[in-house]
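> Any chance you could fold what I've pasted below:
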Amino acid sequence: MSRFNATGSYFNDTEIHPEQTYLQLYLAYNVLFLIGGFCGNILILSAVKVNEKLHNFGSVFICSLIVADLCVLVLADGFTLTGIVTSGETFLERPSLCTWTSYFCLAACFCAFWSIAAASAHTYLHVCHRFFYVKHIKAGKIATAVACIWIGCGLLLLPSVFGWGHHAYDPLLMYCVFQYTFFAPYTIFLVIFGTIMPLSLTTAAYAGIAHTVIQSRKKWQRQTGLDGNAKLAKLTKPGMSPLKYA
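I've put the predicted structure just below:
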């Protein structure tokens, strides 16, 4: 069907505008990402539950990571769908909803980073400091560590709700986000304690694991008189690890 526009020329009601196409693609992307992310995380949780070999302390931090990821999926992608469908009116008319969805989403992101760091630190202690690990790492301490991660990340962002930061609706993303330019000192604080510190801890942990493995392999080769990975692999029996020489 065609009709006149304001300039007196004809236009077609069925014409697809670039903005409409963008919204449709953005909507499809978020739906697929939400479904894929949700199914992937549920599969990982199911694998941890079914496989008894994964019933260990390290998997607790992996489960914490999965829960944080699911929170981000629901809060970010789920509410983005709401923003697309309602053209942002849901958030513009409810500033408190906008603030708290952004707050919990960013807190969950920080929890994910710290859960990865905790899992890396756990692996480092298990591989590189076995006697310390066996003596001090218990179920109660693991539960306390997970609780500290979630409570700490929540407290880390709490000042953003009470004046040190600002959460607002972004018409481009069609979702509420933290305004990083609102108060620069607090933003720097968040970046350091929310991302840089856990990523640095993760990097340091795996660097320590790699160093321990390399040194253990060299020590094992010296004690057995072997030289070369081929001979080492040939002589190594099932269940025998050079790490026991560390």
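
> Setting aside sequence neighbours, what's the nearest residue to Thr212?
Of all residues not flanking Thr212 in the chain, Cys128 sits nearest, at 4.5 Å (Cβ to Cβ, 6 or more residues apart in numbering). For every residue, glycine as well, the C-beta is placed using N, CA and C.

> The chain: helices as residue ranges?
Under the criterion DSSP state H, helices of the chain are mapped to 18-50, 57-72, 79-86, 89-92, 95-128, 130-136, 139-157, 184-191, 197-224, 229-235.

> Isn't the residue nearest to Thr212 up against Val213?
No - Cys128 lies out of contact with Val213 (Cβ atoms under 8 Å); the separation is 9.1 Å.

> More neighbours: which of those two?
Higher neighbour count among Cys128 and Val213: Cys128, with 19 against 16, using other Cβ atoms under 10 Å.

> how close does that one sit to His136?
14 Å (Cβ to Cβ, to the nearest Å).

> tell me the contacts of the residue positioned nearest the centre of the chain?
Nearest to the geometric centre of the chain sits Ala112, at 3.7 Å (Cα atoms, centre = their mean). Counting by Cβ atoms under 8 Å, 6 or more residues apart in numbering, Ala112 touches Leu65, Ala68, Asp69, Val72.

> do the same with Thr99
Thr99 sits in contact with Val161, His167, Cys176, where contact means Cβ under 8 Å, 6+ apart.

> tell me the contacts of the residue lying closest to the residue nearest to the centre of the chain once chain neighbours are set aside?
Closest residue to Ala112 apart from its sequence neighbours, by Cβ to Cβ, 6+ apart: Ala68 at 4.0 Å. Residues near Ala68 by Cβ under 8 Å, 6+ apart: Ala108, Cys109, Cys111, Ala112, Ser115.

> Just the pLDDT at the fourth one, thanks.
Listed pLDDT for Ala112 reads 95.

> What distance do you get for it to Lys135?
From Ala112 over to Lys135 the distance is 30 Å, taken as Cβ to Cβ.

> so where is this protein shaky, pLDDT-wise?
Applying pLDDT under 70 to the chain picks out residues 1-19, 225-246.

> Number of residues surrounding the residue lying closest to Val177 once chain neighbours are set aside?
Nearest residue to Val177, sequence neighbours excluded (Cβ to Cβ, 6+ apart): Asp170, at 5.0 Å. Counted by other Cβ under 10 Å, the residues lying close to Asp170 total 18.

> so Asp170 makes contact with Cys176?
Yes - assessed by Cβ under 8 Å, Asp170 is found in contact with Cys176 at 7.1 Å.

> which residues does the closest residue to Phe113 other than its chain neighbours contact?
In space, and not counting its chain neighbours, Phe113 is closest to Pro198: 4.1 Å by Cβ to Cβ, 6+ apart. Pro198 sits next to Phe110, Phe113, Trp114, Ile116, Ala117 when contact means Cβ under 8 Å, 6+ apart.
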